[in-house]
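Trainee: just coords:
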């Protein structure tokens, strides 16, 4: 496996994660624990890749503030190529605030990713050479539509993977599906992308519909329920690995990292799904995205447990 063949383009945030000691009640404070760490969809995926022994190239924007300096250092220490990061003068580094219930499930969250709109490619701001050297690009819909379009237009021989991120942002990929080689989405985001009514189609049907609109390989997840994989003209269902969650933050990002890790090893899409599910299960057992417990060894051990 080439250790520097994946470029990740997307959001970089400072995550502030709160775990409540008891159920939330309105109009009052709740005892618990608050932690800060690197986050953002793009950065979470890149960090998970680094945990798996890859050396991804990260492209995104940071503010010229203390949070930005902290994140740049953290990403570099993780083994991520940060040569393509952009610092926006006077910009506010992105942040994500999440409140988790005592059982680890997400109560609510707020994402401030305005600075990610500054990620632009054009005549005056060409795609960095470090990204051009990559064989795979992973983009996500915190990026602006014209930035996503610029990446699809410049993909050339590269494999292009995309993450729909959220219901509100998923439709950005609608016109770009024919250029997407691997699409990562969930049931609600797929519904928004297809512009159909909620619960009108199964995961299997939506995966096929997205493939019919151009995406080559499609993964439609549904929380802890079976996910659908469309690849090579057929659809299959895959059961997530059963674990006791501590923190669901970054589970989807770890799945993408695990899937692309297997792809770099030239494994089949079915095997890549298993790798993604293993990475996700390891992540939700720990606190925060890209935990130290995620590694090539732990991934293989988890796969053997579920063989």
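Mentor: Sure thing, it's come through. Quick caveat, the model's predicted, so the values are computed rather than measured.

Trainee: low pLDDT regions in this protein?
Mentor: Counting by pLDDT under 70, the chain shows low-confidence ranges at 1-4.

Trainee: Name all residues that make contact with the most centrally placed residue in it.
Mentor: Centre of the chain computed as the mean C-alpha position; nearest residue by CA atoms, centre = their mean is residue 253, 3.4 Å away. Neighbour list for residue 253: 41, 44-45, 48, 283, 289-290 [criterion: CB atoms under 8 Å, 6 or more residues apart in numbering]. (Glycine included, C-beta is placed from N, CA and C.)

Trainee: likewise residue 82?
Mentor: The contact partners of residue 82, taken as CB under 8 Å, 6+ apart, are 58, 72, 75-76.

Trainee: so which helix or strand takes in residue 16?
Mentor: Element membership for residue 16 (DSSP states H and E) is strand 13-20.

Trainee: all helices for the protein, in order.
Mentor: Secondary structure of the chain (DSSP state H): helices at 41-51, 66-77, 129-132, 145-154, 187-194, 203-212, 251-264, 269-284, 296-305.

Trainee: chain center to the third one: distance?
Mentor: This means helix 129-132. Helix 129-132 has its C-alpha centroid displaced from the chain centroid by 20 Å (CA atoms, centre = their mean, to the nearest Å).

Trainee: who are the neighbours of that helix, in terms of helices and strands?
Mentor: Packing contacts for helix 129-132, counted by 3 or more CB pairs under 8 Å, 6 or more residues apart in numbering; DSSP states H and E, involve strand 6-9, strand 57-59.

Trainee: Could you work out which of those reaches nearest to residue 136?
Mentor: Closest to residue 136 of these is strand 6-9 (CB to CB; 4.6 Å).

Trainee: Sheet-wise, list the partners of that closest one with their directions.
Mentor: Strand 6-9 sits in its sheet next to strand 57-59 (parallel), strand 136-140 (parallel), going by DSSP bridges.

Trainee: got those strands as CSV, with distance to residue 295 columns?
Mentor: Output for those, formatted as CSV (distance: least, CB to CB, whole Å):
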stretch, distance to residue 295
strand 57-59, 19
strand 136-140, 20
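
Trainee: which residues touch the nearest residue to the residue nearest to the centre of the chain once chain neighbours are set aside?
Mentor: Sequence neighbours aside, residue 44 is the residue nearest to residue 253 in space, at 3.8 Å (criterion: CB to CB, 6 or more residues apart in numbering). Shown in contact with residue 44 (CB under 8 Å, 6+ apart): 38, 250, 253-254, 289-290.
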